[in-house]
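J.: kindly generate the corresponding structure for this input.
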Amino acid sequence: MPSQGADRLGMREAISRRDFLNGTLIAGAGLVLGSHAQTPAMLSPADAWNGYGGIGDYARAHGNMYDVMTVAHRMRDGEFDHAIAGATDTGELYDLVAVGGGISGLAAAIVFQKKRGGPCLVLDNHAIFGGEAKRNEFKVDGHILVAHQASAIFLVPHKGGYTDAFYNLIGMDRSAFEYQTCTEMPLAHSPYDEPEQYGFYFGAQFGQRPGVWVMDPWGRNLAGAPLSDDVKADLLRSRTAAEPGAGPRPTTEGDAVSRQLDGITLEDHLMARHHISRETVRKFLSPVAGGGYGLGPDVLSAYCDYAIETQFPEDGDDTLGDQMFPDGNSGFARLMVKTLIPDAIAGARTVDAVWQNRVRFDTLDRAGQATRIRLNATVVRVEHAGSPGTAPHVVVTYVRGGRLFKIKARAVVMAGGSWTTKHIVADLPESHRAAYAQFYRSPCLMANIAVRNWRFLHTMGMSGCRWFEGLGNYLSVRRQARVGGVAPTLGPDSPTVLTIKVLFSQPGLSIGEQGSRGRAQLLGTSFAEYERAFREQLGDMFARGGFDARRDIAGIILNRWGHAYVNPQPGFFFGTNGQPAPRDVLRNGAHGRIAFANTDLAGAMDHRNSIREAERAVNQLIGA
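T.: The predicted model follows:
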């Protein structure tokens with residue numbers, strides 16, 4: 001890396017993205033140790049790929065870690081097949097084993113203990129539970145900052161409804177939050193909202209050097225944007241209600257309108273609904289319009305635009321809007337673990353205490369307690385001990401610390417994602433394999449960039465923005481929920497975390513090819529390469545506000561999710577040509593002593609679907 005460029009961008013600054021190797025300060029991920037080091041050395045492949053992980057409970061679990069990824073790929077490629085016979089038998093027998101310690105696996109344990117009770121084990125391949133519901137933590141100038149790694153939003157549930165009942169079960173003691181105040185500028189409290197002071201940035205791809213900012217783009221009808229009149233008209237129409245003749249909205253999941261929408265792409269639906277061109281959809285609305293599903297509208301079912309609202313019509317309050325823990329949905333995961341193992345987190349089972357206090361990892365896997373959570377355990381084989389219809393138990397084999405172990409379970413909930421389950425369950429019926437072959441997944445990079453202040457944005461008159469080239473699409477300064485000691489106010493001179501979501505849609509390619517190419521890019525790029533790209537991009541965009549990457553960036557954490565989103569193609573939700581939907585093949589009943597959960601099976605990434613699918617799977621196994 002050229003020295004001058006590295007210095008200008010702050011790549012050599014001793015900020016909190018730095019890590020230590022054998023007690024020696026590392027000058028930058030992927031770089032040879034420089035003048036700070038006493039003995040030159042090179043980062044390991046894992047360190048160069050992972051980068052800095054922050055502080056606190058999640059420091060060793062930010063996204064899919066290098067070691068987790070490589071073990072999973074070895075499992076996929078069959079490298080453990082011959083060694084499984086020699087796995088060490090722990091002698092353990094559980095009434096229920098949940099494979100996957102995300103929201104779905106934890107929910108399966110909670111439902112099981114409520115309805116049946118008995119020895120239960122949750123196995124997870126990461127260093128902490130939660131799946132994609134995890135946090136990042138920084139310490140910047142004496143302030144602790146938190147941000148979500150992935151799963152983020154919840155809606156206020158209807159009193160007495162399904163979601164409300166589950167929240168009560170895990171001790172969720174409020175349905176909505178109070179948020180920080182900012183007297184100098186209105187701020188959003190969700191990363192997906194557009195605050196009042198918002199800007200669009202048009203850079204080199206639009207022939208602008210330096211780039212052009214358009215403030216209040218919608219209020220000004222895109223005046224000043226380097227776009228043709230036709231594109232401006234398309235984009236403005238995309239913000240309006242459906243054009244005449246666009247057709248009705250679905251009212252319930254599975255109604256005639258739902259099924260019609262599931263037969264076409266979201267791209268075709270948007271074109272018809274707003275009378276806009278395919279080119280406009282692909283260049284400006286992809287992947288934003290399909291962002292909750294990881295790819296753009298060209299390959300997604302049109303029903304994706306309505307799935308969540310029809311699946312959970314009882315949730316949501318327009319007066320309160322989206323709600324969010326300061327760290328996303330990891331707040332729910334922590335409440336669930338506190339419910340299962342009361343002393344796993346110190347203090348009372350309240351939102352404040354559970355969010356703020358540290359996890360007691362030594363309590364998670366103790367002998368004798370009803371539910372145990374075993375971390376750093378990658379399951380590589382699940383198989384009935386005999387015919388699925390008559391087998392007395394299931395054998396579960398996992399890798400931990402480089403060694404293979406096996407346990408027995410009277411029932412198993414496969415609560416991990418479709419991309420692993422289809423490889424793990426050795427006696428999976430052909431019908432189920434065919435169904436899983438219709439599940440497509442795409443990656444996501446969640447970059448959390450801690451800045452010492454956001455005065456540069458305030459100077460430019462905005463608190464959020466969107467762009468159309470480079471890494472990601474948008475960011476905003478977020479007012480955080482006042483939970484567990486979060487400061488009551490947030491000003492332009494306060495340190496904060498800017499979250500940038502990077503998706504990998506490539507409109508025009510097949511759905512499978514987009515996911516594969518995106519993963520290759522995500523997994524083949526070093527931390528240092530991503531860091532430099534983010535520093536250059538932020539510098540280009542915000543230099544006129546006084547932003548200096550070397551001075552202002554206090555920390556960078558990358559969360560790589562190789563299979564972050566399920567991508568429902570047309571026909572995924574309700575089937576095609578008289579054939580059942582792939583999700584229903586897996587939901588309709590247990591396979592012997594094995595049942596299938598995870599939000600995948602609902603076709604919409606939402607923690608409520610993780611919970612509901614887990615309850616269905618447990619009910620199938622216990623005959624409830």
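
J.: strands along the stretch 1-150 of the chain, start to end?
T.: Here the stretch 1-150 of the chain has its strands, by DSSP state E, counting those that start in this stretch, at 20-21, 24-25, 88-94, 96-99, 120-123, 135-140, 143-148.

J.: spit out the contact partners of A450.
T.: A450 makes contact with 16, 138, 140, 145, 495-498, 553-556 under the criterion CB atoms under 8 Å, 6 or more residues apart in numbering. C-beta coordinates here come from the backbone N, C-alpha and C atoms, glycine included.

J.: got the strands of the stretch 1-150 of the chain as CSV, with mean neighbour count columns?
T.: Output for those, formatted as CSV (neighbours: other CB atoms under 10 Å):
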stretch, mean neighbour count
strand 20-21, 12
strand 24-25, 14
strand 88-94, 13
strand 96-99, 31
strand 120-123, 26
strand 135-140, 24
strand 143-148, 22
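
J.: out of the ones you listed, flag the one nearest R282.
T.: strand 143-148 (28.3 Å; CB to CB).

J.: could you dump the closest one to PDB, C-alpha only?
T.: Only the C-alpha atoms of strand 143-148 are listed here, as PDB (Å, rounded to 0.1, in the frame of the first residue of the first chain):
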ATOM      1  CA  HIS A 143     -17.900   6.600  25.500                       C
ATOM      2  CA  ILE A 144     -19.300   3.100  24.900                       C
ATOM      3  CA  LEU A 145     -21.000   3.000  21.500                       C
ATOM      4  CA  VAL A 146     -23.100   0.100  20.200                       C
ATOM      5  CA  ALA A 147     -24.600  -0.800  16.800                       C
ATOM      6  CA  HIS A 148     -26.400  -3.800  15.300                       C
END
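
J.: what's that strand packed up against?
T.: Packing partners of strand 143-148 (3 or more CB pairs under 8 Å, 6 or more residues apart in numbering; DSSP states H and E): strand 135-140, strand 441-451, strand 496-503.

J.: between those, which one is closest to D584.
T.: Nearest to D584, of the helices and strands packed on strand 143-148 and by CB to CB, is strand 441-451 at 18.7 Å.

J.: what residues of the helix or strand following the closest one count as buried?
T.: Per DSSP states H and E, the first helix or strand lying C-terminal to strand 441-451 is helix 455-459. Buried positions in helix 455-459, judged by neighbour count with 16 or more other CB atoms under 10 Å: 455-458.

J.: returning to what we had before: make JSON lines out of the strands of the stretch 1-150 of the chain and add mean pLDDT and distance to M75.
T.: What follows is the strands of the stretch 1-150 of the chain, written out as JSON lines (pLDDT from 0 to 100; distance: least, CB to CB, whole Å):
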{"stretch": "strand 20-21", "mean pLDDT": "34", "distance to M75": "28"}
{"stretch": "strand 24-25", "mean pLDDT": "32", "distance to M75": "34"}
{"stretch": "strand 88-94", "mean pLDDT": "98", "distance to M75": "17"}
{"stretch": "strand 96-99", "mean pLDDT": "98", "distance to M75": "12"}
{"stretch": "strand 120-123", "mean pLDDT": "98", "distance to M75": "13"}
{"stretch": "strand 135-140", "mean pLDDT": "97", "distance to M75": "27"}
{"stretch": "strand 143-148", "mean pLDDT": "96", "distance to M75": "28"}
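
J.: quick one: which of these is nearest V566?
T.: Of all the strands of the stretch 1-150 of the chain, strand 96-99 comes closest under CB to CB, at 17.7 Å.

J.: who does the closest one pair up with?
T.: Sheet pairing for strand 96-99, assigned by DSSP bridges, gives strand 120-123 (parallel), strand 412-414 (parallel).

J.: now those in CSV, with distance to M215?
T.: Shown next, in CSV, are the strands paired with strand 96-99 (distance: least, CB to CB, whole Å):
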stretch, distance to M215
strand 120-123, 49
strand 412-414, 49
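
J.: can you list the low-confidence ranges for the stretch 201-350 of the chain?
T.: Applying pLDDT under 70 to the stretch 201-350 of the chain flags the ranges 242-245.

J.: all set now, cheers.
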